[in-house]
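*Asks:* Coordinates for the following, if possible.
(one chain, ligands or ions: 1)
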Amino acid sequence: MIRTSTVRHRREAFRNELIGPTLAHAATQSRFYQEHLGPAAFKVKTESDLLSIPTVTKRILRSQPLDRLLTSAETPHVVQHTSGTTDVPFRVFRGRAEVEFIRQFFDGQFDPFGANGVRLLSLQPSYHGEGIPIPVATRYSSVNVMDEASGEQDIDQLLRESSSAVSGPVVITGLFHHVRYLTAKLLQRGCDLARLRVAGLFVTGQHVSARWKRILEETWGVRVVPRFSMTEGFGGAIYCEFCRSYHFDHFVVPEILAPFSDEPVVSGIGILHLTSLYPFVQLMPFIRYRTNDIVEILSTPCSERFGLSVRLLGRWDHAAILENRRGHYRVITPSPIFELLENFPVINTGDPYGNINGTVLVGVGNPCFRLEVEQSRPFRLLIKIELRVLPWLFSEVCDQIRAVVLEGLARELPWLPSELGEDSLQVEVRFFPPGSLGAFEPGAIPEHSSDEAG
Ligand SMILES: [Zn+2]
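*Replies:* As a prediction, the model looks like this:
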């Protein structure tokens with residue numbers, strides 16, 4: 001018991017040590033943050049003091065001229081982009097000092113699977129810009145499997161790297177949909193992935209479904225470690241196999257806040273906000289940044305040891321929000337529905353990179369669906385699902401999917417029938433032919449709103 005609480009206290013002490021300098025740096029060096037945070041910035045000494053300063057959204061940051069937002073006029077050392085899967089693309093700038101600090105901080109201590117001499121192979125898509133080089137035992141190389149022009153050569157290189165007996169095991173890291181794409185490409189070439197010298201897969205980005213985690217583990221014969229991360233700021237959370245939740249890095253401060261009021265949430269669901277700590281992030285600060293990711297706070301056997309434990313439930317932009325007459329609201333989150341729909345191959349998965357060199361890859365994308373709410377009385381929740389086929393020719397399959405979705409929703413959301421009092425809810429599942437729901441971005445359920453309230 002003494003030992004576990006020490007881990008948590010050490011983590012808190014680390015954050016509290018850096019939180020004051022983080023706020024002071026932003027408020028003195030960035031004109032935007034100076035005005036946005038005001039004098040309260042200089043009174044922040046612990047994580048809990050963050051409650052006294054305002055949150056910030058992507059929309060607010062994007063509206064700022066760079067010379068007001070950034071903390072220095074230096075030429076950015078690294079430029080990264082959010083892919084725009086859930087919003088308009090957004091550029092993130094990093095300075096030389098922070099990249100150098102990160103390199104030194106991790107030097108010699110990055111050993112993700114406890115394997116000696118492990119090499120990291122990163123699936124780095126060009127549209128995300130450059131990566132931050134984190135040194136590992138031997139070397140770090142970027143493989144751009146999503147680039148049509150170089151993709152095939154990159155896959156050859158990856159096969160060479162992971163087949164060589166001399167160079168030791170490889171850990172592959174990449175966004176969820178890139179790892180799925182790579183897996184499909186290799187299987188298509190007839191590779192036995194379990195024979196490659198791959199020690200593990202780090203699957204980064206957003207929600208990793210249980211089904212795909214299992215498929216990847218079975219296909220590659222290795223551990224798959226989902227990691228929540230984002231381009232904005234530095235640091236995220238790692239999936240814990242033991243308690244089946246995500247725990248946050250010690251170099252980032254997570255807060256779970258109510259979606260409309262920004263009040264702290266102590267149980268149930270809320271919106272994840274992150275503060276990136278100085279000196280890990282310097283040129284472009286992210287302070288109480290609303291990620292728009294919906295998370296559920298869990299009480300797990302690890303909570304005492306690691307602090308916050310959460311489950312990822314998908315993007316706020318993709319959720320259905322029900323508001324009743326008394327101003328109460330309920331959220332129907334996309335990830336549980338995503339997990340249910342993934343089990344039906346007849347559901348269109350968009351497969352945005354599916355047609356490369358004339359070869360179509362089926363099933364590596366995300367199920368195409370949208371949640372829509374009609375704020376009528378009673379509420380009507382529409383779950384629109386796109387099939388690969390004409391739905392009216394497959395009514396039995398549609399009935400089957402509808403039953404699974406309704407049953408799954410009732411299980412996931414026990415409050416569904418009664419919680420909103422007089423405002424009861426009707427759920428309707430509707431099916432559409434291929435292409436009806438519009439363009440689908442990689443790695444995301446298509447957006448129908450760009451709500452960044454708060
Ligand atoms: Zn855990």
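*Asks:* what residues does the stretch 201-350 of the chain put near the ion?
*Replies:* 240, 242-243, 302 (CB under 5 Å from the ion). From N, CA and C alone the C-beta is placed, and that goes for glycine too.
*Asks:* any low-confidence regions in the stretch 301-450 of the chain?
*Replies:* 324-327, 351-363, 415-423, 439-450 (pLDDT under 70).
*Asks:* Closest to residue 101 out of the residues of the stretch 201-350 of the chain next to the ion?
*Replies:* Among those, residue 240 lies closest to residue 101 (CB to CB), at 27.0 Å.
*Asks:* Surely that closest one and residue 303 touch.
*Replies:* No. Between residue 240 and residue 303 there is no contact under CB atoms under 8 Å: 10.6 Å.
*Asks:* Need the overlap of contacts for these two.
*Replies:* Between them, residue 240 and residue 303 share these contacting residues under CB atoms under 8 Å, 6 or more residues apart in numbering: residue 309.
*Asks:* buried subset of the residues of the stretch 201-350 of the chain next to the ion?
*Replies:* Neighbour-count burial within those applies to 240, 243, 302; the criterion is 16 or more other CB atoms under 10 Å.
*Asks:* Would you enumerate the residues in contact with the first one?
*Replies:* Taking CB under 8 Å, 6+ apart, we find residue 240 in contact with 246-247, 300, 302, 306, 309.
*Asks:* Show me what it bridges to in the sheet.
*Replies:* When assigned by DSSP bridges, residue 240 has beta-bridge partners residue 245.
*Asks:* Now do the same for it: its pLDDT.
*Replies:* Per-residue pLDDT puts residue 240 at 92.
*Asks:* gap between it and residue 308?
*Replies:* Per CB to CB, to the nearest Å, residue 240 is found 12 Å from residue 308.
*Asks:* if I look at the residue nearest to residue 210 when sequence neighbours are not counted, how far off is residue 372?
*Replies:* Spatial nearest neighbour of residue 210, chain neighbours left out: residue 339 (6.4 Å); criterion: CB to CB, 6 or more residues apart in numbering. Separation of residue 339 from residue 372 (CB to CB): 19 Å.
*Asks:* same question, residue 315
*Replies:* 15 Å.
*Asks:* out of these two, which sits in the busier spot?
*Replies:* residue 315 (23 against 14; other CB atoms under 10 Å).
*Asks:* Look at residue 274 and say how many residues are nearby.
*Replies:* Neighbour count for residue 274, taken as other CB under 10 Å: 25.
*Asks:* ok so, going back, closest one to the ion out of the contacts of residue 240, please.
*Replies:* residue 302 (3.0 Å; CB to the ion).
*Asks:* Next, give phi and psi for that closest one.
*Replies:* Residue 302 has phi and psi values of phi -90, psi -10 when expressed as degrees, to the nearest 10.
*Asks:* Quick check: it touching residue 244?
*Replies:* No. Under the criterion of CB under 8 Å, residue 302 is not in contact with residue 244, lying 9.7 Å apart.
*Asks:* Could you count how many residues lie near residue 328?
*Replies:* By other CB under 10 Å, 12 other residues sit near residue 328.
*Asks:* helices or strands up against the longest helix belonging to the chain?
*Replies:* With DSSP state H setting the assignment, residue counts place helix 2-29 as the longest helix in the chain. When contacts are defined as 3 or more CB pairs under 8 Å, 6 or more residues apart in numbering; DSSP states H and E, helix 2-29 sits against helix 31-37, strand 268-276, helix 303-306.
*Asks:* Compute the inter-axis angle for that helix and strand 268-276.
*Replies:* Following axes from the mean of the first three to the mean of the last three CA atoms, to 10 degrees, one obtains 60 degrees for the angle between helix 2-29 and strand 268-276.
*Asks:* Does helix 2-29 reach the ion?
*Replies:* No. Remark: helix 2-29 sits outside contact range of the ion, by CB under 5 Å from the ion, the gap being at least 11.3 Å.
*Asks:* Centre of the chain to that helix, how far?
*Replies:* 23 Å (CA atoms, centre = their mean, to the nearest Å).
*Asks:* So for it, what gets flagged as buried?
*Replies:* 8, 11-12, 15-16, 18-20, 22-23, 25-27, 29.
*Asks:* for stretch 90-101, same thing?
*Replies:* So for stretch 90-101, counting by 16+ other CB under 10 Å, buried means 90, 92-95, 98-99, 101.
*Asks:* Quick check on residue 386: phi, psi?
*Replies:* The phi/psi pair for residue 386 (degrees, to the nearest 10) is phi -100, psi 130.
*Asks:* which ones are touching the residue of the chain most remote from its centre?
*Replies:* Computed with CA atoms, centre = their mean, the residue of the chain farthest from its C-alpha average is residue 393, at 36.4 Å. If you count contacts by CB under 8 Å, 6+ apart, residue 393 has none.
*Asks:* what's the answer for residue 94, then?
*Replies:* Residues in contact with residue 94 (CB under 8 Å, 6+ apart) are 76-80, 132, 281-284.
*Asks:* Please list only the buried members of the residues you listed.
*Replies:* Among the contacts of residue 94, the ones that count as buried by 16+ other CB under 10 Å are 76-78, 80, 281-284.
*Asks:* how near is residue 16 to residue 397?
*Replies:* Taking CB to CB, one finds residue 16 at 55 Å from residue 397.
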